[in-house]
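Trainee: got a predicted model here, sequence first, then my questions.
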Amino acid sequence: AGLATIACRPEALAAHAARGPDALMQRAVAEPAELEAMLAETRLGAVLAGPALGLDGVARQGVLAVLRSAVPAVFDADALTLLAARTRSLKRAITARGKPCVLTPHEGEFQRLFGALPEIVQAPSKLERARRAAAYAGAVIVLKGSDTVIAEPGGEAAINATGSSALATAGSGDVLGGLIAGLLAQGMPAFEAACAAVWLHGKAGETSGAGLIADDLPEAVRGIIAEELPRSP
């Protein structure tokens, strides 16, 4: 993404600013109305909701604001837990927003989201569970794991073949959410953005090797993009 801004509570500004990187902007959003105003800005290309969000009332209002917005969105981590309370109305809300939506659950989050729907969670394979969930929610589903499945509401699906057990580290999934959001912000269709991000994330895990931490992944992704993308003449 050309410009990334973290929207956080005012008391968290100093912590985010101290952590860096310098290119990351910070913006305080004390009230839901302030977040809604930010989401209405025309220059905003995509939004990622969930990492380090929390599960309180303020977090819930923030997730609902994103769900109501007309911005391509990725819901991850705590946002998925908050959306689990609205599973039966999720497709209606996603359809009404009219913009791409990607949900990135691991198996536990998938159970929280769709556990009350046996026709989804009791499907005969992970591939079929992801397909049925995507159709039900009207969103692209990234069902994470060693064999991450990406599925879109129309039934198209992919099983990722890259990755490493080293990716099972705190914050790794947040990086994946950011990769998807960055590609959405550049105008890539949601299914293709999710597939590309999962592939890049897996390759970054392979390249970084054992002992990696989440902060290692962005630089690894940068190298993979430089190596894999065709160079302009």
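Mentor: Arrived safely, thanks for sending.

Trainee: average pLDDT for stretch 105-120, rounded please.
Mentor: Stretch 105-120 shows a mean pLDDT of 97.

Trainee: am I right that Gly2 is in a strand?
Mentor: No: judged by DSSP: H, G, I helix; E, B strand; the rest coil, Gly2 forms no part of a strand; its state is coil.

Trainee: i'd like the first residue to be 49 from this point on
Mentor: Taking 49 as the first residue, the last one we looked at is Gly50.

Trainee: for it, grab phi and psi.
Mentor: phi -70, psi -30 (degrees, to the nearest 10).

Trainee: in what helix or strand does Gln74 lie?
Mentor: Counting by DSSP states H and E, the element that carries Gln74 is strand 73-76.

Trainee: with just CA atoms, put that strand into CSV.
Mentor: Extracted C-alpha coordinates of strand 73-76, given in CSV (Å, rounded to 0.1, in the frame of the first residue of the first chain):
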residue,chain,number,x,y,z
MET,A,73,1.0,6.8,10.2
GLN,A,74,-1.1,6.9,13.4
ARG,A,75,-4.5,8.4,13.9
ALA,A,76,-6.5,8.6,17.1
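
Trainee: other SSEs contacting it?
Mentor: strand 53-56, helix 61-67 (3 or more Cβ pairs under 8 Å, 6 or more residues apart in numbering; DSSP states H and E). For glycine as for every other residue, the C-beta is placed from the backbone atoms N, C-alpha and C.

Trainee: tell me where this protein has helices.
Mentor: 61-67, 80-87, 105-116, 126-131, 138-145, 155-162, 166-169, 174-185, 220-233, 238-256, 265-276 (DSSP state H).

Trainee: got the angle for the last one vs helix 238-256?
Mentor: Meaning helix 265-276. 100 degrees (axes from the mean of the first three to the mean of the last three Cα atoms, to 10 degrees).

Trainee: against which helices or strands is helix 265-276 packed?
Mentor: Using 3+ Cβ pairs under 8 Å, 6+ apart, helix 265-276 sits against helix 220-233, helix 238-256.

Trainee: likewise the shortest one?
Mentor: Packing contacts for helix 166-169, counted by 3+ Cβ pairs under 8 Å, 6+ apart, involve helix 155-162, helix 174-185.

Trainee: which residue is nearest the centroid of the protein?
Mentor: The chain has Gly225 as the residue nearest its centroid, 3.3 Å off, counting by Cα atoms, centre = their mean.

Trainee: could I get the helices and strands packed on strand 73-76 as CSV with mean neighbour count and distance to Leu232?
Mentor: Shown next, in CSV, are those (neighbours: other Cβ atoms under 10 Å; distance: least, Cβ to Cβ, whole Å):
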stretch, mean neighbour count, distance to Leu232
strand 53-56, 17, 15
helix 61-67, 11, 22
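
Trainee: mean pLDDT lowest for which of these?
Mentor: helix 61-67 (a mean of 86).

Trainee: got the contact list for it?
Mentor: Residues outside helix 61-67 that contact it (Cβ atoms under 8 Å, 6 or more residues apart in numbering): Ile54, Cys56, Leu72, Gln74, Ala76.

Trainee: repeat for stretch 224-238
Mentor: 49-50, 52, 93-96, 98-99, 120, 122, 124-125, 148-150, 152, 188, 190, 192, 200, 240-242, 244-246, 248-249, 269.

Trainee: now do 6 Å
Mentor: 49, 93-94, 96, 120, 122, 124, 148, 150, 152, 188, 241-242, 244-245, 248-249 (Cβ atoms under 6 Å, 6 or more residues apart in numbering).
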